[in-house]
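A.B. asks: Sequence and computational prediction follow.
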Amino acid sequence: MISGVLQADAAATVAYRDRLAARAAGRPCIGLSWRSSNAAYGAQKSLALADLGPLLRARPDLFWVDLQYGDTAPERAEVSDLLWHDPAIDPLRDLDATAAQYAALDLVITTSNTAAHLAGALAVPTWLLLPAPGFGLLWYWQLERADSLFYPSIHCFRQAAPGDWPGVVAAVGAALGDHFPPQP
């Protein structure tokens with residue numbers, strides 16, 4: 001098991017895991033974050049939640065958890081009840097509760113944003129969705145690596161060409177099938 005540079009409170013993590021279990025009904029719990037507010041590169045590093053809708057709809061056997069900071073209600077309305085938002089977690093004001101939430105998940109799928117760094121620092125298995133090189137890709141994600149130099153629990157999924165989020169989402173969908181075989 002990979003050890004992180006941060007550690008969530010163990011009791012809070014267990015409590016959150018129990019909270020998830022009550023809702024997930026035995027399904028693997030996958031956290032999802034899709035945009036960055038970075039002033040310089042946020043637009044290139046972000047995609048719309050609707051772009052991830054096909055992935056959520058294809059895998060109702062997974063329990064999807066909203067990790068995106070800020071008001072996500074308008075976007076969540078587009079994917080109906082496929083993505084659970086926990087109003088008890090405020091990632092902008094309560095880092096301890098947010099860390100416990102992340103640590104309780106089976107996987108985090110995120111773009112290059114705060115969620116990637118927190119999940120990586122906690123050593124939570126994380127799939128990172130990255131833009132094509134030169135289009136918002138920051139130096140610390142390197143150019144062609146599938147892993148991260150700084151966070152061993154991160155696996156990178158990269159655009160083949162600028163704006164190719166559909167290709168990235170398709171690759172993530174295939175990888176989900178390998179890691180979490182669909183359940184009837």
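C.D. replies: Done, it's in.
A.B. asks: Please count neighbours and contacts with C-alpha atoms only from this point.
C.D. replies: Noted.
A.B. asks: And Asp96, what's its pLDDT?
C.D. replies: pLDDT recorded at Asp96 is 96.
A.B. asks: Can you classify Leu32 as helix, strand or coil?
C.D. replies: strand (DSSP: H, G, I helix; E, B strand; the rest coil).
A.B. asks: any idea how far it is from Ala161?
C.D. replies: Using C-alpha to C-alpha, to the nearest Å, Leu32 is found at 23 Å from Ala161.
A.B. asks: Quick check on the two: which one has the bigger neighbour count.
C.D. replies: Taking other C-alpha atoms under 10 Å, Leu32 and Ala161 do not tie; Leu32 has more neighbours (23 against 12).
A.B. asks: quick one, what contacts the more buried one?
C.D. replies: Neighbouring residues of Leu32 by C-alpha atoms under 8 Å, 6 or more residues apart in numbering: Trp64, Val65, Asp66, Leu67, Gln68, Val108, Ile109, Thr110.
A.B. asks: hey, what's it bridged with?
C.D. replies: According to DSSP bridges, the partner residues bridging Leu32 are Asp66, Ile109.
A.B. asks: OK, contacts around the residue positioned nearest the centre of the chain?
C.D. replies: Among the residues of the chain, the one closest to the centroid is Ile109, at 2.5 Å (C-alpha atoms, centre = their mean). Ile109 makes contact with Ile30, Gly31, Leu32, Ser33, Thr126, Trp127, Leu128, Leu129, according to C-alpha under 8 Å, 6+ apart.
A.B. asks: After the helix or strand of the chain with the lowest mean pLDDT, heading C-terminal, what element do we hit next?
C.D. replies: Every helix and strand of the chain was ranked by mean pLDDT, DSSP states H and E. The lowest is helix 42-45, at a mean of 72. The first helix or strand that comes after helix 42-45 along the chain, using DSSP states H and E, is helix 49-58.
A.B. asks: chain center to that following helix: distance?
C.D. replies: A distance of 13 Å separates the centroid of the chain from that of helix 49-58, by C-alpha atoms, centre = their mean, to the nearest Å.
A.B. asks: For the chain, just list every one of the helices.
C.D. replies: Assigned by DSSP state H, the helices in the chain fall at 10-24, 42-45, 49-58, 73-78, 95-103, 114-121, 165-179.
A.B. asks: could those be laid out in JSON lines, adding distance to Cys156?
C.D. replies: Below are the helices of the chain laid out as JSON lines (distance: least, C-alpha to C-alpha, whole Å):
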{"stretch": "helix 10-24", "distance to Cys156": "26"}
{"stretch": "helix 42-45", "distance to Cys156": "13"}
{"stretch": "helix 49-58", "distance to Cys156": "17"}
{"stretch": "helix 73-78", "distance to Cys156": "24"}
{"stretch": "helix 95-103", "distance to Cys156": "18"}
{"stretch": "helix 114-121", "distance to Cys156": "11"}
{"stretch": "helix 165-179", "distance to Cys156": "10"}
